[in-house]
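A.B. asks: Sequence and predicted model, in that order:
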Amino acid sequence: MASADTVEPADAPAGDSPAADAEPVSSTELNAWRRGFTPQAEIWNGRLAMLGLSVGLTVLLIARLAAR
């Protein structure tokens, strides 16, 4: 039975956790510019999408306020 600190899915064999195979990654590695379908690419995709959304909404807000 799993302790209160660890939670394992019901269908996973005892002692077989995905975190055991995980390799620690430094923050500089996550910020690296890597091409392809990598975690780094997904992180930068999210950051740039939020930047674009913020800039677009700011431009729309300024255009609305300037039109009055």
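C.D. replies: Yes, it's here.
A.B. asks: Which other helices and strands does the lengthiest helix in the chain contact?
C.D. replies: Using DSSP state H, we find that the single longest helix of the chain is helix 39-67. Contacts defined by 3 or more C-beta pairs under 8 Å, 6 or more residues apart in numbering; DSSP states H and E place helix 39-67 against helix 27-30. Where C-beta positions appear, they are placed from N, C-alpha and C, glycine not excepted.
A.B. asks: Contacts for the helix it packs on next, please.
C.D. replies: Applying C-beta atoms under 8 Å, 6 or more residues apart in numbering, the contact partners of helix 27-30 are Pro39, Gln40, Ile43.
A.B. asks: Next, count neighbours for the residue nearest to the last one when sequence neighbours are not counted.
C.D. replies: Distances taken as C-beta to C-beta, 6 or more residues apart in numbering put Leu30 closest to Ile43, at 6.0 Å, once the chain neighbours are dropped. Burial measure for Leu30: 13 neighbouring residues, criterion other C-beta atoms under 10 Å.
A.B. asks: What separation do you get for Leu30 and Gln40?
C.D. replies: 6 Å (C-beta to C-beta, to the nearest Å).
A.B. asks: shaky segments in the chain?
C.D. replies: Low-confidence segments of the chain (pLDDT under 70): 1-20, 22.
A.B. asks: mind redoing it with 90?
C.D. replies: Residue ranges of the chain with pLDDT under 90: 1-44, 67-68.
A.B. asks: Number of residues surrounding Ala32?
C.D. replies: Count around Ala32 with other C-beta under 10 Å applied: 13.
A.B. asks: With adjacent residues omitted, what lies nearest to it?
C.D. replies: Gln40 (5.3 Å).
A.B. asks: Verify the contact between that neighbour and Val25 for me.
C.D. replies: No. If you go by C-beta atoms under 8 Å, Gln40 and Val25 don't touch, sitting 9.4 Å apart.
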